[in-house]
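Peer 1: Fold the following.
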Amino acid sequence: MTQSPGHRAVPLSLDAAVLGSRVLVVDDEPDNVVLFEHVLATVGLTEVYGLQDPTRTMDVIRERAIDLVLLDLSMPGMDGYEVLDMVRSAQDPEAFLPILVLTADPTSSARDAALQAGANDFLTRPVDMAEALLRIQNLLRIRRLHVQTMARNTELQAELSARAAAAQRRARAKRAKRAAIDTILSDNRLRMVFQPIMTVDEVTVVGVEALARISHDPRRPPDVWFDEAEAVGRGLELELAAVQVALAELTNMDEGFMAINVSPGVARTTEFAAALRQVDGSRIVVELTEHTRVHDEAVLQVELDDIRSRGVRLAVDDAGAGYAGLQRILGLSPDIVKLDVALIRGIDADPARRALATAFVAFTNEIGAMLIAEGIETDAELETLRALGVPWAQGYRLGRPGPMPAITS
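Peer 2: Predicted coordinates for the structure are as follows:
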């Protein structure tokens with residue numbers, strides 16, 4: 001049935017958000033199609049497609065990616081109700097394609113039947129074009145929001161899937177790391193090498209530092225293995241295993257002390273204290289490593305009183321490496337202070353490094369601690385430290401890590 005536009009003024013334009021939307025007019029009357037094409041074009045909707053054969057509705061919806069359908073209910077051959085049923089049956093349940101139906105039947109039963117059949121809105125002919133455009137705009141807004149929501153949901157789902165996949169990869173990697181640590185522990189793939197600590201005159205070996213070596217693929221530095229063990233909850237076991245291997249070698253030392261490296265967390269455990277009770281504590285130096293940061297050195301000092309009461313000495317490194325190193329010294333009151341390798345490197349040619357080392361010599365003398373310079377690699381570095389009064393030294397220049405060196409009084 002041909003119609004004429006309503007009497008109210010037609011809005012000059014639609015929201016910019018809905019411009020570019022594609023509209024399909026399904027009506028057996030060509031004049032109605034032309035009318036809507038003209039009116040919609042005046043407000044900025046230029047992609048309007050007319051269809052007089054309702055059986056092709058789904059084909060056009062798919063081919064043109066239609067955003068809104070204007071559907072006449074009264075058509076010969078296939079009426080609007082059948083078109084509604086066809087569209088809704090073929091449509092993706094999660095998709096939203098708004099359909100605005102037009103009919104000459106003004107009754108509420110006609111309206112209810114259309115809405116029940118799947119229409120999203122209802123207009124009665126003759127159509128008031130101002131009202132029609134407002135309804136079209138509202139439906140296109142809803143359609144746009146739906147598309148945006150679905151796109152965002154897709155993004156979120158992809159993000160969640162990516163996170164889940166990443167979590168699975170991390171879990172697999174963690175299981176593999178844990179399995180590697182378990183293999184190292186169960187197959188005795190952990191051994192110790194020993195680096196001598198000597199008087200600076202190179203006459204006497206006063207002790208050794210026990211250094212872990214791990215024979216397992218992939219080959220990597222021991223500190224990496226200890227970090228990975230900590231990350232997968234095996235840090236305590238691996239450190240204690242290293243302690244046991246090191247302490248077992250103490251019987252091969254006639255003289256001197258053995259320095260063993262443990263993290264603060266392990267140093268305060270009952271298991272570590274029990275291991276130290278099996279040996280002469282006066283021959284053990286506990287050197288705290290940095291696997292975990294200590295937030296209160298004074299508290300740690302109290303926690304270590306038990307093992308220190310049995311003669312175990314405490315060493316800290318990083319001296320001269322900055323404020324954090326000084327904090328550790330002041331908080332822990334160590335028996336031995338180790339000058340950081342960054343301070344030793346090139347000390348023979350650097351007056352500032354020599355001045356700082358001199359200050360540490362005086363400081364350790366004042367507090368009754370021994371001073372060890374570590375990382376010495378050249379004759380010039382060793383000679384400079386000897387001249388400055390540093391008593392003990394360690395580094396490749398004096399001896400590389402290896403089998404237990406002979407120690408004589």
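Peer 1: model confidence over the helix or strand hosting Ala210, on average?
Peer 2: Ala210 belongs to strand 205-214 when elements are defined using DSSP states H and E. In this model, strand 205-214 has a mean pLDDT of 95.
Peer 1: so what secondary structure elements neighbour the helix or strand following it?
Peer 2: Next along the chain after strand 205-214, taking DSSP H and E as the criterion, comes helix 222-231. When contacts are defined as 3 or more Cβ pairs under 8 Å, 6 or more residues apart in numbering; DSSP states H and E, helix 222-231 packs onto helix 129-186, strand 205-214, helix 235-248. The way it works is simple: take the backbone N, C-alpha and C, and place the C-beta from them, glycine included.
Peer 1: Show me which residues of the last one are buried.
Peer 2: Taking 16 or more other Cβ atoms under 10 Å as the neighbour-count basis, helix 235-248 is seen to contain the buried residues 235-243, 245-247.
Peer 1: by contact count, what packs against that helix?
Peer 2: Packing contacts for helix 235-248, counted by 3+ Cβ pairs under 8 Å, 6+ apart, involve helix 129-186, strand 190-199, strand 205-214, helix 222-231, strand 257-262, helix 264-267, helix 270-276.
Peer 1: in this structure, what spans have low per-residue confidence?
Peer 2: Applying pLDDT under 70 to the chain flags residues 1-13, 290-298, 318-325, 327-328, 408-409.
Peer 1: domains in it, as residue ranges please.
Peer 2: The domain map for the chain lists 16-153, 188-393, with the assignment taken from automatic domain parsing.
Peer 1: gap between the two ends of the shortest one?
Peer 2: Read it as domain 16-153. End-to-end span of domain 16-153 (Cα to Cα, to the nearest Å): 24 Å.
Peer 1: can you give me how far it is from the chain middle?
Peer 2: Averaging C-alpha positions (Cα atoms, centre = their mean, to the nearest Å) puts domain 16-153 48 Å from its chain's average.
Peer 1: do the last one as well
Peer 2: For domain 188-393, the separation from the chain centroid amounts to 33 Å (computed by Cα atoms, centre = their mean).
Peer 1: how far does that domain stretch from start to finish?
Peer 2: 31 Å.
Peer 1: Now do the same for Gly399: helix, strand or coil?
Peer 2: Assigned with DSSP: H, G, I helix; E, B strand; the rest coil, Gly399 falls in the coil class.
Peer 1: So the residue nearest to it when sequence neighbours are not counted versus Leu140, what's the distance?
Peer 2: Residue nearest to Gly399 in three dimensions, not counting chain neighbours: Pro196, with 4.2 Å by Cβ to Cβ, 6 or more residues apart in numbering. Taking Cβ to Cβ, to the nearest Å as the measure, Pro196 falls 83 Å from Leu140.
Peer 1: ditto for Leu134
Peer 2: Per Cβ to Cβ, Leu134 is found 11 Å from Leu140.
Peer 1: Pick out whichever of those two has more residues nearby.
Peer 2: Leu140 (23 against 13; other Cβ atoms under 10 Å).
Peer 1: Was I right to think that one contacts Leu70?
Peer 2: No: applying Cβ atoms under 8 Å, one finds Leu140 not in contact with Leu70, separated by 11.6 Å.
Peer 1: Nearest residue to Leu139 in space, ignoring adjacent ones along the chain?
Peer 2: In space, Leu139 is closest to Pro98, 3.9 Å off (Cβ to Cβ, 6+ apart).
Peer 1: can you count the residues close to that neighbour?
Peer 2: Neighbours around Pro98, by other Cβ under 10 Å: 21.
Peer 1: Just give the closest residue to Leu371, not the sequence neighbours.
Peer 2: Once flanking residues are discounted, Leu371 sits nearest to Thr364: 4.4 Å by Cβ to Cβ, 6+ apart.
Peer 1: Just send the domains of the chain back as a markdown table, with distance to Arg169 too.
Peer 2: Converted to a markdown table, the domains of the chain look like this (distance: least, Cβ to Cβ, whole Å):
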| stretch | distance to Arg169 |
| --- | --- |
| domain 16-153 | 24 |
| domain 188-393 | 15 |
